[in-house]
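**Student:** no sequence on this one, just coordinates:
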């Protein structure tokens, strides 16, 4: 009730300011009249009565002020008055205002942009109901996450107590054949509870049900909203209709809602039921026992991550007869369980947190810089504050005034900062590595504005705090006197401390940026093991029933090999192609199912290796150096003795300095003849330049134990590789019109893309580092020139007493460089500590890399030198006669 | 007469205003005079404090105010005690009595 009254009365007073004032005036006037009337009644003359009444009341103005100062609306009014005054003060010095606002805008804008990118990735819940209950479950192989087998999924589904729903999924790239060019979609083949686990139901049609997922069940598919719009023109009748995928007819049973994001596999446009065979668990060679499924679960309400970990560990430790396990899926090490969000962001988390740290450092430097500028101006405004104080402004009023100015400045900076952020976010998205999870969720939205507003307000208070304290501490009376200079000492000390802080923060940023850039250089100077220039790559697929091995005759495999061989011949005939070859694994792409076990005859041991099925001529086309023996050739055919070429790393790991040529090895299944090692080639980086798993084996398609259904074509061009694309595509389609060709790219681009993730952080650090450098330099410059201004008289006296220009130059330079060196020492210590956080982002260098630290010191030293030189030169030019006369 | 006046004891002004108004609506000057008369000139009310206090009490919901004609047909702001004001007065009176009697007991024991 009374709060309501407070608000409504206050609002009314605000809205009808003059009426409210009039009321107060009337009441005072009435009081005066009554008092006068009473005195007259007591026998005083009217004049005397009025005088006495006035005396009793005191100053009417003072009373009015007293009455009016009550109520929150009057505080508000004072605040607005402060703001208006601050606004006029800032406008009267546009240069100062612009520099401060721009500095803050840079800091606020950069932080806001980074926050808008990091917030949806690391902090905002995923776009699912109760997203914190969605977890990923992994098998463990050599301490790392590993895909699970179908039977492991079945066992967990039957025995797990923690899940509302549990689902397995794997990649599926169906080709839709129609009148137009064949199109391949990114899809996922999922067990029936997949969408249930995510907590989303289709917008049209229905979700998968258990019978959809039965072995040999119906062919059904669910479309994403984007695919539905793109290929089916939002035709609602498509639900229940059929499409032809890989030569089979699929019934479309549903369309997912608009805006639905498949976070576990973001590019997915179509889903079908997985339909593995739950029987024949004893058949250890079946696909059901292969490690190629991902596992996603929705926890029951109230189950914690620890709870589900405990549940699954118990299952792993206690096998039951119903679910026998082979050696490779024995679950000896239990499972890795993590929330979906932590799981998809685990790769980028260190980089993003480092970037967040960097931008906060930058923000801190911007704040320190502005605080410094405000202090410098505070020193010039001593007189003004002293005057206001003499006229009756209370100390708290003066502090409020300074804070109003800094808040106003920071909000100007904040408004500009939003503009910086809007552009920054666009640049960030353009720069972001292709594998960045949830990149599509990066926007400037409500929470981002909230963040910007919050830091702006905090900054306004933070940068105003020190100047405000100085105002309250300074002896204001002395400000009115001409020799106000003694008070400058306190300012100067604070400002020097701030400059030292600024330099050390800049050092931390610059060292971090230096370490990352140095890493990047190291990375790009890594030899990929082949020559990526002038190379065109694409994936060629075999799709359709003619390639099926229906009755175990192997007819389909023969046709596959034949199609690839003929396509390669056709491509080699294309003018401009100097060499071409096929490989089952393309370097710098993700090897989905490319690793196999090996078993050497020599010691019965083995390694996991990348299996490259390559057409003869591959090493020559890729220019992979042959180190020993011979390359694979056209005589390594089906009937001939199986031959393999191995990588230098594998040769070293298995044979040391011995000659591996002529040794025998099983690759994959062990019930086939030995492969004989015929050659050794240089290591090739498969996953990325930073890769060091380099055990590789090469065999020919004719001697592989199965025919791959997708091969990558590598083409070396005489000139521009990309220009060959249409001709190469036409050559392949001249063999078979229905086979899709996807992921056309130059080899150079593939190399660059794998490094994009590593390039992201260094570019941002570099930008932040440069801004920090400039800010630190202006900080040093500002303090030194302020100090020179204040010491004009002293400098004049010195030179009058015989100090040379050199003496004075040295004096000022020494002052500036002392601050710089102090900042450097503190900064280097801090950088050594901070670099700990960067370790996972570094490549090929130590976090204490001497060259980087030395380079940063040299760079900052030079910039600081210039920043000191300018005011020093000005000081040296002081004419003693002029300064002394001015006193 | 003026020399023997004292300012109203800190913190009791609100109670005195409420008490005065419990006898009937009054304007600011009337309240001041009534307090002085009833206290036989012991308390003097500072007009600035009085008007501010009236505004505060009104905001708190203990008083209502209204512009009315006085007997000599002048406009004046009359204050009336509200129901919650009456409750507040009772609470403050009880509290005051408790304190005053405690102080009186202490002083008596001392003497």
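**Tutor:** Cool, got the structure. Here the structure is a predicted model, which means the values were calculated and not measured.

**Student:** use CA for all of it now, contacts and neighbours both
**Tutor:** Noted.

**Student:** and whichever strand or helix holds residue A:562, what does it pack against?
**Tutor:** Under the criterion of DSSP states H and E, residue A:562 resides in helix A:555-572. Applying 3 or more Cα pairs under 8 Å, 6 or more residues apart in numbering or on different chains; DSSP states H and E, we find helix A:555-572 packed against strand A:577-583, helix A:725-735.

**Student:** in whichever helix or strand comes after the first one, which residues are buried?
**Tutor:** If I follow you right, that is strand A:577-583. Downstream of strand A:577-583, the next assigned helix or strand under DSSP H and E is strand A:595-600. By 16 or more other Cα atoms under 10 Å in any protein chain shown, the buried positions in strand A:595-600 come out as A:595, A:597-600.

**Student:** same thing with stretch A:617-625?
**Tutor:** A:617-622, A:624-625.

**Student:** now, which of those residues sits nearest chain B?
**Tutor:** When the buried residues of stretch A:617-625 are compared for distance to chain B (Cα to the nearest Cα), residue A:622 wins out at 86.7 Å.

**Student:** per-residue pLDDT, the closest one?
**Tutor:** The model reports residue A:622 with a pLDDT of 95.

**Student:** got it, and residue A:16?
**Tutor:** On pLDDT, residue A:16 comes in at 77.

**Student:** which one of the buried residues of stretch A:617-625 is nearest to residue A:79?
**Tutor:** Proximity of the buried residues of stretch A:617-625 to residue A:79 (Cα to Cα) peaks at residue A:622, which lies at 72.8 Å.

**Student:** show the contacting residues for residue 97.
**Tutor:** With no chain named, the answer covers chain A. By Cα atoms under 8 Å, 6 or more residues apart in numbering or on different chains, the residues touching residue A:97 are A:90-91, A:409.

**Student:** you looked at the wrong chain, it should be chain B
**Tutor:** By Cα under 8 Å, 6+ apart, the contact list for residue B:97 is empty.

**Student:** list the buried residues in the helix or strand containing it.
**Tutor:** Using DSSP H and E, residue B:97 maps to helix B:83-110. Residues of helix B:83-110 classed as buried by neighbour count (16+ other Cα under 10 Å): B:85-86, B:88-89, B:92-93.

**Student:** got it, and stretch A:749-756?
**Tutor:** For stretch A:749-756, burial by neighbour count (16+ other Cα under 10 Å) applies to A:750-756.

**Student:** how about the residues you listed in a markdown table, adding distance to residue A:581?
**Tutor:** Below are the buried residues of stretch A:749-756 laid out as a markdown table (distance: Cα to Cα, whole Å):
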| residue | distance to residue A:581 |
| --- | --- |
| A:750 | 17 |
| A:751 | 19 |
| A:752 | 22 |
| A:753 | 22 |
| A:754 | 22 |
| A:755 | 25 |
| A:756 | 27 |
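
**Student:** going by distance to chain B, which of those residues wins?
**Tutor:** Ranked by distance to chain B (Cα to the nearest Cα), those are led by residue A:756 at 64.3 Å.

**Student:** what's around residue A:3, how many residues?
**Tutor:** Residues near residue A:3, counting by other Cα atoms under 10 Å in any protein chain shown, number 11.

**Student:** same check, this time on residue A:121
**Tutor:** By other Cα under 10 Å, 25 other residues sit near residue A:121.

**Student:** quick one: it and residue A:353 touch, right?
**Tutor:** No. Under the criterion of Cα atoms under 8 Å, residue A:121 is not in contact with residue A:353, lying 11.0 Å apart.

**Student:** list residues touching both of these two?
**Tutor:** When Cα under 8 Å, 6+ apart defines a contact, no residue borders residue A:121 and residue A:353 alike.

**Student:** below-threshold pLDDT in the chain: ranges please.
**Tutor:** Using chain A here. Scanning chain A for pLDDT under 70 picks out A:1-2, A:142, A:178-181, A:435, A:472-491, A:549-553, A:591-593, A:886-887.

**Student:** look at chain B instead
**Tutor:** For chain B, applying pLDDT under 70 flags the ranges B:1-10, B:110-111.

**Student:** can you do 80?
**Tutor:** Residue ranges of chain B with pLDDT under 80: B:1-11, B:41, B:70-74, B:110-111.

**Student:** helix or strand: which one has residue A:73?
**Tutor:** Per DSSP H and E: residue A:73 is located in helix A:72-91.

**Student:** what about that helix, near chain B?
**Tutor:** No. Judged by Cα under 8 Å from any Cα of the partner chain, helix A:72-91 and chain B are separated, with a smallest distance of 10.9 Å.

**Student:** so after that helix, what's the next helix or strand?
**Tutor:** Next helix or strand after helix A:72-91 toward the C-terminus (DSSP H and E): helix A:94-118.

**Student:** between that next one and helix A:72-91, how many degrees?
**Tutor:** Relative orientation of helix A:94-118 versus helix A:72-91 (axes from the mean of the first three to the mean of the last three Cα atoms, to 10 degrees): 110 degrees.

**Student:** buried sites along helix A:94-118?
**Tutor:** Of all the residues in helix A:94-118, those buried under the rule 16+ other Cα under 10 Å are A:97-98, A:100-118.

**Student:** cool, and stretch A:580-599?
**Tutor:** Buried residues in stretch A:580-599, defined by neighbour count with 16+ other Cα under 10 Å: A:580-588, A:595, A:597-599.

**Student:** so which of the residues you listed comes closest to chain B?
**Tutor:** Using Cα to the nearest Cα, residue A:588 is the member of the buried residues of stretch A:580-599 that lies nearest chain B, at 74.2 Å.

**Student:** how about that closest one, nearest residue that isn't a chain neighbour?
**Tutor:** residue A:687 (4.8 Å; Cα to Cα, 6 or more residues apart in numbering or on different chains).

**Student:** quick one: the one you found and residue A:373, what's the gap?
**Tutor:** Per Cα to Cα, to the nearest Å, residue A:687 is found 50 Å from residue A:373.

**Student:** which one of those two has more residues nearby?
**Tutor:** Comparing residue A:687 with residue A:373 by other Cα under 10 Å, the one with more neighbours is residue A:373, at 24 against 18.

**Student:** quick one: that one and residue A:782 touch, right?
**Tutor:** Yes. Assessed by Cα under 8 Å, residue A:373 is found in contact with residue A:782 at 7.5 Å.

**Student:** quick one: end-to-end distance for stretch A:220-239.
**Tutor:** Length of stretch A:220-239, first residue to last, Cα to Cα: 11 Å.

**Student:** tell me the buried residues in it?
**Tutor:** For stretch A:220-239, by 16+ other Cα under 10 Å, it's A:220-228, A:238-239.

**Student:** quick one: which of the residues you listed sit in strands?
**Tutor:** Counting by DSSP state E, those place A:220-223 in strands.

**Student:** tell me which residues touch the residue nearest to residue A:407 when sequence neighbours are not counted, please.
**Tutor:** With sequence-adjacent residues excluded and distances taken as Cα to Cα, 6+ apart, residue A:407 is closest to residue A:460, at 4.1 Å. Under the criterion of Cα under 8 Å, 6+ apart, the contact list for residue A:460 reads A:403, A:406-411.
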